[in-house]
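K.L.:
Model the structure of this input:
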Amino acid sequence: MTVYVVGYGGYIGRSVYEYLQERLYDVKGIGRGTPYPMGFKHSDVVVNCAARGWKSGDEDTADTVESNIMLPMRLHER
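P.N.:
Here you go, the predicted model:
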C-alpha cells in the first residue's frame, strides 16, 4: 500500500508526508508540477491536503472544485 499526499508542497501536506514517512509508510508526495503518478492501485490511500484558497471577487467555483476535489477522485479512478 502506498499513501499519496496531495498538496505535498504546502505546510500541512509536508507535515503529513513527514509524519507518515517517519512511521515507515510507503509515501509519495504530489504537488504542483509533480508528474501524474502511474500504477495507482485501489489498495492505495490518497490524503488530500491541497486547497486552493478563495479570495474576495472569486465568483466561479469551478477552479476551486477542480483543484480541491477532482484530482483525488482521478487518482482513485486509476
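
K.L.:
Now do the helices in the chain.
P.N.:
11-22, 62-65, 71-77 (DSSP state H).

K.L.:
Name the nearest residue to residue 34, sequence neighbours excluded.
P.N.:
Spatial nearest neighbour of residue 34, excluding adjacent residues (Cβ to Cβ, 6 or more residues apart in numbering): residue 8 at 7.3 Å. Placement of C-beta: from N, CA and C, glycine included.

K.L.:
Surely that neighbour and residue 33 touch.
P.N.:
No. With contact defined as Cβ atoms under 8 Å, residue 8 does not reach residue 33; the gap is 10.6 Å.

K.L.:
More neighbours: the two, which one.
P.N.:
More crowded of residue 8 and residue 33, by other Cβ atoms under 10 Å: residue 8, with 21 against 6.

K.L.:
Now the phi/psi pair for that one, please.
P.N.:
phi -60, psi -30 (degrees, to the nearest 10).

K.L.:
tell me the contacts of it?
P.N.:
Each residue near residue 8 by Cβ atoms under 8 Å, 6 or more residues apart in numbering is listed here: 14, 17, 29-31, 34, 49.

K.L.:
again, 6 Å this time
P.N.:
Contacts for residue 8 (Cβ atoms under 6 Å, 6 or more residues apart in numbering) come out as 17, 29-31.

K.L.:
any idea how far it is from residue 50?
P.N.:
8 Å (Cβ to Cβ, to the nearest Å).

K.L.:
likewise residue 1?
P.N.:
21 Å.

K.L.:
which of the two has more neighbours?
P.N.:
Higher neighbour count among residue 1 and residue 50: residue 50, with 21 against 8, using other Cβ under 10 Å.
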